[in-house]
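S.K.: compute the structure for the input listed below.
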Amino acid sequence: MIVTHDQDEALSSADQVAVLRHGLVAHAAAPQDLYTRPADPALAQFVGTPTC
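M.R.: Next up, the predicted model:
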C-alpha cells in the first residue's frame, strides 16, 4: 500500500485507488473506473472527469 496526495501518481501507478473525503472512503476502484464512473459530481470534479 502506498499513500500519496499526488493524483497523477495514484492514477498512473496503482491497481486500486481510494479517495478519502472527511476521513471516509468516498470511492475505491481501479483508476480507469474511478475516472470513467465517479461516485458523485464532487468526485468527478476532483479527478477531472469531463462530465458526470
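
S.K.: Ala26 sits in which helix or strand?
M.R.: Element membership of Ala26, judged by DSSP states H and E, is strand 24-29.

S.K.: which helices and strands does the very next helix or strand once past that strand pack with?
M.R.: Per DSSP H and E, the first helix or strand lying C-terminal to strand 24-29 is helix 31-36. When contacts are defined as 3 or more C-beta pairs under 8 Å, 6 or more residues apart in numbering; DSSP states H and E, helix 31-36 packs onto helix 7-13, strand 17-21, helix 41-47. In this view, the C-beta of every residue, glycine as well, is placed from N, C-alpha and C.

S.K.: make TSV from the ones you listed and add distance to Tyr35, mean neighbour count and mean pLDDT to it.
M.R.: Formatted as TSV, those follow (distance: least, C-beta to C-beta, whole Å; neighbours: other C-beta atoms under 10 Å; pLDDT from 0 to 100):
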stretch	distance to Tyr35	mean neighbour count	mean pLDDT
helix 7-13	7	13	86
strand 17-21	9	15	92
helix 41-47	6	15	90
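
S.K.: now the ones you listed as JSON lines including distance to Ala29?
M.R.: Below are the helices and strands packed on helix 31-36 laid out as JSON lines (distance: least, C-beta to C-beta, whole Å):
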{"stretch": "helix 7-13", "distance to Ala29": "11"}
{"stretch": "strand 17-21", "distance to Ala29": "7"}
{"stretch": "helix 41-47", "distance to Ala29": "10"}
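
S.K.: quick one: closest of those to Pro31.
M.R.: Distance to Pro31, taken as C-beta to C-beta, is lowest for helix 7-13 among these, at 4.4 Å.

S.K.: CA atoms only: put the closest one into PDB for me.
M.R.: What follows is helix 7-13, C-alpha atoms only, in PDB (Å, rounded to 0.1, in the frame of the first residue of the first chain):
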ATOM      1  CA  GLN A   7      -3.400  12.400  -8.000                       C
ATOM      2  CA  ASP A   8      -1.300  11.800 -11.200                       C
ATOM      3  CA  GLU A   9       0.900   9.300  -9.300                       C
ATOM      4  CA  ALA A  10      -2.000   7.500  -7.900                       C
ATOM      5  CA  LEU A  11      -4.000   7.200 -11.100                       C
ATOM      6  CA  SER A  12      -1.000   6.200 -13.200                       C
ATOM      7  CA  SER A  13       0.700   3.600 -10.900                       C
END
